[in-house]
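Visitor: pasting the structure only:
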């Protein structure tokens with residue numbers, strides 16, 4: 001059963017080594033993520049599952065100990081998902097997708113050691129119904145399950161945004177932030193997947209996995225951060 005969840009954005013810029021001179025610009029977002037992970041730890045889960053968007057090669061389960069790297073972003077920095085395991089020793093194993101590598105960095109930064117950690121990379125095109133079923137399956141994995149859900153809102157909030165300016169982006173992001181901040185499961189299920197794709201929303205599928213996991217759990221939500229630096233919506237929320 002799902003007992004807690006943290007929702008965090010997943011830009012590699014969250015990692016100061018990647019952001020370099022721009023690192024202070026996301027200090028407030030990092031602080032909010034730290035607070036959200038603190039609430040996860042306080043729920044004493046038996047299992048933590050990290051869910052994030054992934055390209056084709058990174059989709060599917062990633063066992064504890066899977067390695068990640070920020071070398072693709074010009075930084076010699078490696079991370080590991082949870083505790084060391086056989087997956088960590090397998091140097092030929094696929095690396096974590098970027099979203100889960102950011103999550104692994106957040107967990108290492110906050111000293112997570114409270115429960116086993118697994119990862120799940122989900123594809124942007126995954127239909128809402130399958131997301132919801134996937135979430136329900138995750139919630140049934142253990143008596144006390146927590147989720148760390150990674151994903152950005154739209155990338156179309158300003159003229160300089162990666163997706164340029166789209167007038168629909170602010171409204172989509174506002175509804176997503178409201179739903180995540182109030183643990184509104186039905187509203188998350190109802191997010192328009194086609195519109196999300198047009199607005200370059202990386203978090204839609206992971207958020208709908210969360211909705212499926214939280215069905216019937218009766219969790220309450222709190223919105224900890226909602227800003228759009230660089231024209232991309234970054235949302236941090238905590239459910240408990």
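Guide: Right, received. Where do you want to start? None of these values were measured; they are calculated from a predicted model.

Visitor: does anything pack onto the helix or strand containing residue 119? Which helices or strands?
Guide: For residue 119, the host element (DSSP states H and E) is strand 117-122. With contacts taken as 3 or more C-beta pairs under 8 Å, 6 or more residues apart in numbering; DSSP states H and E, strand 117-122 sits against strand 47-53, strand 60-62, helix 98-109, helix 128-139, helix 204-214. For every residue, glycine as well, the C-beta is placed using N, CA and C.

Visitor: quick one: it to helix 98-109, angle?
Guide: Orientation check (axes from the mean of the first three to the mean of the last three C-alpha atoms, to 10 degrees): strand 117-122 against helix 98-109 gives 160 degrees.

Visitor: tell me where the chain has strands.
Guide: Per DSSP state E, the chain carries strands over the ranges 2-8, 47-53, 60-62, 67-69, 78-80, 117-122, 145-150, 221-227, 234-239.

Visitor: the inter-axis angle of the strand holding residue 119 versus strand 47-53?
Guide: 30 degrees.

Visitor: in CSV, list the helices and strands packed on strand 117-122 along with distance to residue 188.
Guide: Formatted as CSV, the helices and strands packed on strand 117-122 follow (distance: least, C-beta to C-beta, whole Å):
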stretch, distance to residue 188
strand 47-53, 13
strand 60-62, 22
helix 98-109, 18
helix 128-139, 9
helix 204-214, 4
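
Visitor: so which residue is smack in the middle of this protein?
Guide: By C-alpha atoms, centre = their mean, the mean C-alpha position of the chain lies nearest to residue 150, the distance being 0.6 Å.

Visitor: okay, now the nearest residue to that one once chain neighbours are set aside: neighbour count?
Guide: Take residue 150 and drop its neighbours on the chain: the residue closest to it by C-beta to C-beta, 6 or more residues apart in numbering is residue 52, 3.5 Å away. Using other C-beta atoms under 10 Å, the number of residues around residue 52 comes to 29.

Visitor: how near is residue 52 to residue 171?
Guide: 24 Å (C-beta to C-beta, to the nearest Å).

Visitor: right, and residue 114 touches residue 42 too?
Guide: No: proximity of residue 114 to residue 42 does not meet the contact threshold set by C-beta atoms under 8 Å, at 9.1 Å.

Visitor: more crowded one of those two?
Guide: Under the neighbour definition other C-beta under 10 Å, residue 114 and residue 42 were set side by side, and residue 114 has more, 17 against 13.

Visitor: now that one: phi and psi?
Guide: phi -90, psi -20 (degrees, to the nearest 10).

Visitor: list the residues that contact it.
Guide: Counting by C-beta atoms under 8 Å, 6 or more residues apart in numbering, residue 114 touches 40-41, 44-45, 48.

Visitor: which one of those residues is nearest residue 223?
Guide: Ranked by distance to residue 223 (C-beta to C-beta), these are led by residue 40 at 16.0 Å.

Visitor: and for stretch 225-232, what's in contact with it?
Guide: Contacts for stretch 225-232 (C-beta under 8 Å, 6+ apart): 9, 11, 13, 25-26, 28-29, 32-33, 152-163, 165, 173, 177, 181, 233-236.

Visitor: show the buried residues in the residues you listed.
Guide: Among those, the ones that count as buried by 16 or more other C-beta atoms under 10 Å are 9, 11, 13, 26, 29, 32-33, 152-158, 161, 163, 173, 177, 181, 233-236.

Visitor: quick one, longest helix in the chain?
Guide: Scanning the chain for the helix with the most residues, using DSSP state H, yields helix 27-42.

Visitor: remind me what that one packs against, helices and strands.
Guide: So helix 27-42, by 3+ C-beta pairs under 8 Å, 6+ apart, packs with strand 2-8, helix 98-109, strand 145-150, strand 221-227, strand 234-239.
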